[in-house]
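J.: Predicted structure and sequence below. I'll ask about it afterward.
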Amino acid sequence: MRNNRRLRWAAVPIAATLTLVLAGCTQAQLNGFLPGFIEGESPATNHTERVSGLWVTSWIVLLVVGVITWGLTIWAVIAYRRRKGQTGLPVQLRYNMPIEVFYTIVPLILVLGFFAFTARDQAEIEKRFTADEVDVKVEVIAKQWAWDFNYVNEDVYSPGIQAQLDASGPAGSVDQAALPTLYLPVGANVELELESRDVIHSFWVVDFLYKKDMYPGKTNYMSFVPEREGTYAGKCAELCGEYHSLMLFNVEVVSQAEYDDYIQSLRDAGQEGQLSNEYDRNLNLPGTGAPELKEEHEAE
């Protein structure tokens, strides 16, 4: 009875402390200090909260497992330490069936749980909009070492060059105004078609908490809703050659009116139509329409 009372009295201050600590958490702390969140504002996209939820929950579970593991380890070290005057080896145990079953089942449950929640969230994030649901469709073309953007529905394009160093700024700084910039209207259903002209790249907008690889000859897709206006930094997340570190871009999430003005500015600049695959380096790959080697020999 005395031990139970002690446990109750110990639980009260612990619970009160946890309540105060959690109640005082900022938005950044509640989301595991991940980017994409600003206090009092909407998340960057409709997927960022789902990603941060999986991240934070996983860490909470792992921390609980860690605390229990370290607690049992320290307890065993203290409880079964060699006492003064003791000699020889302690009593040796071959096995303990309940503990071994526990050590097998619990990790299995954890692994299956992580897999199930990851698969659930991934299925939602990877779900594409139907053709009728898409408001803005952009073909993103990666190339060494820059980005091209085809605004499919509006039939305009924006070519990009690799990041240029800013001579007027600190050493190594980049001229932000010269970076390729992808414009998106806030609140719109956006679908990105991801293509590569040469080698494997990876499209990564840091605050969106998601990235996707881009393979030559294969189209990948990203579907999301940008929910907060602002400028978001993007980069290639796959080592793609000498100037990989300069393969940068920005995403501007703006109002619908600003988006329409930008599209009109591309038309005014004569950038109508779509950038095709004529600049791709791998036009002889299977599936590109290039004749096969066998056919060429037969023609000769």
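T.: Sure, I can see it.
J.: sec struct for residue 49, please.
T.: Judged by DSSP: H, G, I helix; E, B strand; the rest coil, the three-state class of residue 49 is helix.
J.: repeat for the one 10 residues further on
T.: Of the three states, residue 59 takes helix under three-state DSSP.
J.: Can you read off the pLDDT for residue 153?
T.: On pLDDT, residue 153 comes in at 94.
J.: Next up, the contacts around residue 241.
T.: By Cβ atoms under 8 Å, 6 or more residues apart in numbering, the residues touching residue 241 are 144-145, 199. To be clear about C-beta, it is placed using only N, CA and C from the backbone, and glycine gets the same treatment.
J.: Name the member of these that has the highest neighbour count.
T.: The residue in those with the most neighbours, by other Cβ atoms under 10 Å, is residue 145 (21 neighbours).
J.: which one among the contacts of residue 241 gets closest to residue 65?
T.: Lowest distance from residue 65 to the contacts of residue 241 (Cβ to Cβ) belongs to residue 199, with 40.0 Å.
J.: thinking again about what came up before, relative to residue 93, which of the contacts of residue 241 is nearest.
T.: Comparing those against residue 93 with Cβ to Cβ picks out residue 199 as the nearest, at 57.0 Å.
J.: Distance-wise, check the closest one relative to residue 133.
T.: According to Cβ to Cβ, to the nearest Å, residue 199 and residue 133 sit 32 Å apart.
J.: quick one: the strands in the chain?
T.: For the chain, the strands defined by DSSP state E occupy 136-143, 146-151, 156-158, 181-185, 190-196, 201-205, 210-214, 220-224, 230-236, 248-254.
J.: Tell me which of these is the most buried.
T.: strand 201-205 (a mean of 24; mean count of other Cβ atoms under 10 Å).
J.: returning to what we had before: between the contacts of residue 241, which sits nearest residue 120?
T.: residue 199 (32.8 Å).
J.: show me the contacts for the closest one.
T.: Each residue near residue 199 by Cβ under 8 Å, 6+ apart is listed here: 144, 216, 240-241.
J.: Now for this protein, the helix or strand with the poorest mean pLDDT.
T.: Least confident helix or strand of the chain, by mean pLDDT, DSSP states H and E, is helix 293-299 with a mean of 46.
J.: so what's residue 146 up against?
T.: Residue 146 is in contact with 160-162, 180, 247, 249, counting by Cβ under 8 Å, 6+ apart.
J.: What are the boundaries of the helices in this structure?
T.: For the chain, applying DSSP state H gives helices covering 2-23, 27-30, 48-79, 97-126, 256-268, 293-299.
J.: follow-up on the earlier one: same list, the contacts of residue 241, but as CSV with pLDDT please.
T.: CSV is the format used below for those (pLDDT from 0 to 100):
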residue, pLDDT
144, 90
145, 91
199, 92
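J.: circling back: among the strands of the chain, which comes closest to residue 70?
T.: Closest to residue 70 of the strands of the chain, according to Cβ to Cβ: strand 210-214, at 33.1 Å.
J.: Parallel or antiparallel, which strands does the closest one pair with?
T.: Using DSSP bridges, strand 210-214 pairs in its sheet with strand 201-205 (antiparallel).
J.: Sketch out the low-pLDDT regions of the chain for me.
T.: Applying pLDDT under 70 to the chain picks out residues 1-38, 282-300.
J.: if you set the cut-off to 50 instead, what comes out?
T.: 293, 295-300 (pLDDT under 50).
J.: Taking the centroid of it, which residue is nearest it?
T.: Nearest to the mean C-alpha position of the chain, counting by Cα atoms, centre = their mean, stands residue 210 at 2.4 Å.
J.: I figured that one hits residue 232, correct?
T.: No - counting by Cβ atoms under 8 Å, residue 210 stays clear of residue 232, with 11.9 Å between them.
J.: Closest to residue 78 out of the contacts of residue 241?
T.: residue 199 (56.2 Å).
J.: so what's the backbone phi/psi at the closest one?
T.: Here is the backbone geometry of residue 199 (degrees, to the nearest 10): phi -120, psi -180.
J.: Tell me how far it lies from residue 165.
T.: Applying Cβ to Cβ to residue 199 and residue 165 gives a distance of 23 Å.
J.: Could you pull up the residues touching the most far-flung residue of the chain relative to its centre?
T.: For the chain, the residue at maximal distance from the C-alpha centroid (Cα atoms, centre = their mean) is residue 85, at 58.3 Å. Listed by Cβ under 8 Å, 6+ apart, residue 85 has no contact partners.
J.: I'd say residue 140 and residue 190 touch.
T.: No - in this structure, residue 140 is not within contact of residue 190 by Cβ under 8 Å, at 10.9 Å.
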